[in-house]
Structure formats: C-alpha cells, structure tokens
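S.K.: How does the following fold in three dimensions:
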Amino acid sequence: MSTNETAPPADWLTPDEDHTWRAYLRMVTAVQVGVAQDLAALGLSEPDYEVLSTLSEREDGTSTLHEQAAKMGWSRSRLSRHASRMEARELIRRAPDPTDGRGCLLVLTSAGWDVLRDAAPSHVTSVRRHFVDRLSREELATLGRIAQKLSADR
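M.R.: Numbering: from 1, shown residues only. Sure, this is the predicted structure:
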C-alpha cells in the first residue's frame, strides 16, 4: 500500500472479544510454558519432542525435512538448523532423499527412539497436569471442535 492510500478502518474488537482473545493467549502461553519446563527437566525442548514424536508416527521413523517443517509450521532452514543440533546428540540422522536431490530425510535413530520412549510417560503426565485434567469432558470436546475449526485451513 502506498503512503497516499489510507488503510481501511479497523473492525476493532469489542471488550468481550478482546478479553477472550487475551485469555486465549494467556492460556496457550501457560500450557506451553508448563509443558516446556517439564520437557526441559528431561533434557528435551518442545521442538525436540515434536520431531521425535512425529517421526515415531511414521512406520519407518523417517520423514522428509520439507514434510516435517510443514507439519511444525517452521521454515526448512530453521528445522535444518534444529535437526543439526539433534543429529549432534544422535537423536536423528539425515539421509539423502532419493526423490529430491536437494532434500534430505530425517531418520529417528535407536537412541532417539530410546529417548522418546523414556520421555513419553512424563510428557503425557505433563500434558494431563497442565491441560487435560483441568477441563471437563465437555470442555475438552468443545475445545477440540474449536481447535479443529481454527486450524482447518492449515
């Protein structure tokens, strides 16, 4: 937009909408911080756990860097840098992607499987403590529907 054009008027949030938006942001932050602190006590970051757990969902523990980055909402370069740190810890390894000469595969190592197996029970306990057990079944179901609706186009 050029400096000569004026921006369309904002459709400002009502007080109730603003209150709900800010409450949502505080909720997401509180849950993420709690779970991240619990993972840190295990020597893992949230992205570490996300990479390990999503690779474990694949039958062969393998995904392309591109697919993994898209799933996490990260750029390929950001994930590549993170994967380098995980590779140095021998949690994953990279392999050439036979379908894309410029791409690579991320492969869960046996050490990565072990770390994930050890961390998963504590992670589930953390998710329960910071999220699931604080809501009723009805609230969880409603939040699940809302989350699906808001992420439907992602």
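S.K.: counting contacts, what elements does the helix or strand containing residue 93 pack onto?
M.R.: Element membership for residue 93 (DSSP states H and E) is strand 92-97. For strand 92-97, the packing partners by 3 or more C-beta pairs under 8 Å, 6 or more residues apart in numbering; DSSP states H and E come out as helix 46-56, helix 76-88, strand 100-108. Yep, even glycine has a C-beta here, placed from its N, CA and C like the rest.
S.K.: Output those in CSV, with mean pLDDT and distance to residue 24 appended to each entry.
M.R.: As requested, these are arranged in CSV below (pLDDT from 0 to 100; distance: least, C-beta to C-beta, whole Å):
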stretch, mean pLDDT, distance to residue 24
helix 46-56, 96, 19
helix 76-88, 96, 25
strand 100-108, 91, 32
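S.K.: for those, which one sits closest to residue 5?
M.R.: Proximity to residue 5, assessed across the helices and strands packed on strand 92-97 by C-beta to C-beta, is greatest for helix 76-88 (33.8 Å).
S.K.: tell me the angle the closest one makes with helix 46-56.
M.R.: Per axes from the mean of the first three to the mean of the last three C-alpha atoms, to 10 degrees, the angle that helix 76-88 makes with helix 46-56 is 80 degrees.
S.K.: Just the buried positions in helix 76-88, please.
M.R.: Using 16 or more other C-beta atoms under 10 Å as the test for burial, helix 76-88 gives 76, 79, 82, 83, 86, 87.
S.K.: hmm, back to that, got the helices and strands packed on strand 92-97 as TSV, with distance to residue 117 columns?
M.R.: Formatted as TSV, those follow (distance: least, C-beta to C-beta, whole Å):
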stretch	distance to residue 117
helix 46-56	9
helix 76-88	16
strand 100-108	11
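S.K.: and of the ones you listed, who's closest to residue 119?
M.R.: Proximity to residue 119 (C-beta to C-beta) singles out helix 46-56 among those, at 6.6 Å.
S.K.: For the helix or strand following that closest one, what is the distance to the chain centroid?
M.R.: Later in the chain than helix 46-56, the nearest helix or strand by DSSP H and E is strand 62-64. Centroid separation for strand 62-64 versus its chain: 16 Å, with C-alpha atoms, centre = their mean, to the nearest Å.
S.K.: So which residues make contact with strand 62-64?
M.R.: 54, 55, 71, 95, 97, 100, 103, 104, 105, 106, 107, 108 (C-beta atoms under 8 Å, 6 or more residues apart in numbering).
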